[in-house]
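Peer 1: Could you look at this predicted model? Sequence included:
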Amino acid sequence: MNLHATSLHVDEEAHLAARAAWLHFAGGKTQGEVAELLGVQSTKAHRLIARARSEGLIRVFVEGPIAGCIDLEEKLKGAFGLQLCEVVPNVDEGALPLRTLAIAGARYIRNLIESGRYGLIGMGHGRTLAAMVDAMPSVAAEGTRFVSLLGGLTRRFAASPFDVIHKLAERTGAESYVMPVPFFANTAKDREVLESQFGVSNVIDMARRAEIYIAGIGEVDRKSFIATAGMVDDEDVDEVVQSGACAEILGQFFTAEGRHIPNGVSQRALAPRLSDLQTHKIVAVAGGTSKTQAIRAILGSGLLHGLITDEATARRLVNGKPGREPGKKNGKSAPG
């Protein structure tokens, strides 16, 4: 069985078996902890995990339909015009379900590679995407190339601790192209100079030719990834907040209602332009309590083709204010 199965008629025991397997194998929970989390006897938790194993749900990843998650996927698709949505169970990780998102995102990237449908995949960076690549098994990526969509250095030209391109190359053996410049230049003029450099301009052109973008979603405050990783300073964050933005994706900023907000910081980003985002399939891997507003904002922009998130975040999104009508780009098809 596969998480993208369309049937919603999953019997309760199969639903519990898949959830128990996820908690045990992906979440690292003991059978006793699984029993407590599911509200069943320890002997039943053992039986559910054994069933998941015997029915072939346990491979590198747990791949079984979980009724509650499938329902949330359908609701998010309907509310925000998504063509792809995957909701995965939480494993009691706290505010940022990094392990949950990493495993789900790694499975999606593996499936993209194995499908062979995309010869060139554009990659963002950040905590979630770095954890996703860390969770990937080694997989041969013949015929697939990866290209960085963003400058991978800090303002002081230090390496980002959350780089994904080098790790992808190690995991897959694929040709992978890095953008060896800061995510945000010091000035808009500096950005123009950097973008014109031989090698950098080639990577930017390649990024524009990528057939699908994989991105994280960031909140906008002094604790966000772009601030703590040294991509921007506190004054930059304050400028973005004062412009009315609460969310960031691939160097572009948006209000809570999903409206794009140009500002001095985004004009310095070595990143795709808004027009690039509007003409590409974008699949975001994002979740967590602190990011719910930011994720809802990006969903409301109509830019996303797909979203991979955790169950708790999905429930908050479904129970919150619906997004705007999606743009026409959401209608493109991509593999699940």
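Peer 2: Good, I have the coordinates.

Peer 1: Please make it C-alpha for all contacts and neighbour counts, starting now.
Peer 2: OK.

Peer 1: Just list what the helix or strand hosting Ile49 packs against, helices and strands only.
Peer 2: Using DSSP states H and E, Ile49 falls within helix 42-54. The contact analysis (3 or more CA pairs under 8 Å, 6 or more residues apart in numbering; DSSP states H and E) places helix 42-54 against helix 12-21, helix 31-38.

Peer 1: Return the longest one as CSV; C-alpha atoms alone will do.
Peer 2: What follows is helix 12-21 as a C-alpha-only set of coordinates in CSV (Å, rounded to 0.1, in the frame of the first residue of the first chain):
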residue,chain,number,x,y,z
GLU,A,12,-9.7,0.6,11.6
GLU,A,13,-7.1,-2.1,12.3
ALA,A,14,-5.2,-1.3,9.2
HIS,A,15,-5.2,2.4,10.1
LEU,A,16,-3.9,1.5,13.6
ALA,A,17,-1.3,-0.8,12.2
ALA,A,18,0.1,1.8,9.9
ARG,A,19,0.1,4.4,12.7
ALA,A,20,1.8,2.0,15.1
ALA,A,21,4.4,1.1,12.5
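
Peer 1: That one relative to helix 31-38, how many degrees between them?
Peer 2: Calculated by axes from the mean of the first three to the mean of the last three CA atoms, to 10 degrees, helix 12-21 forms an angle of 130 degrees with helix 31-38.

Peer 1: let's have the chain start at 58 instead
Peer 2: Understood, numbering begins at 58; the last thing we discussed is helix 69-78.

Peer 1: quick revisit: between the helices and strands packed on helix 99-111, which one is closest to Ala371.
Peer 2: helix 69-78 (16.3 Å; CA to CA).

Peer 1: Can you list the buried residues in the closest one?
Peer 2: Across helix 69-78, burial judged by 16 or more other CA atoms under 10 Å covers 71-78.

Peer 1: Relative to Met288, how far out is the closest residue in space to Leu210 that isn't next to it in sequence?
Peer 2: Using CA to CA, 6 or more residues apart in numbering and skipping residues adjacent in sequence, the residue nearest Leu210 is Pro239, 4.1 Å away. Distance, Pro239 to Met288, using CA to CA, to the nearest Å: 7 Å.

Peer 1: repeat for Ala302
Peer 2: When distance is defined by CA to CA, Ala302 is 17 Å away from Met288.

Peer 1: returning to what we had before: more neighbours: which of Pro239 and Met288?
Peer 2: With neighbours defined as other CA atoms under 10 Å, Pro239 and Met288 compare such that Pro239 has more, 27 against 23.

Peer 1: How much space separates the more buried one from Asn168?
Peer 2: If you measure Pro239 against Asn168 using CA to CA, the figure is 31 Å.

Peer 1: What of Pro319?
Peer 2: Taken as CA to CA, the span from Pro319 to Asn168 is 35 Å.

Peer 1: Could you do Val196 as well?
Peer 2: As judged by CA to CA, Val196 and Asn168 stand 10 Å apart.

Peer 1: swap in Asp333?
Peer 2: Remark: distance between Asp333 and Asn168 (CA to CA) = 24 Å.

Peer 1: quick one on the thing from earlier: show me which positions of the helix holding Ile106 end up buried.
Peer 2: 99, 101-103, 105-106, 108-110.
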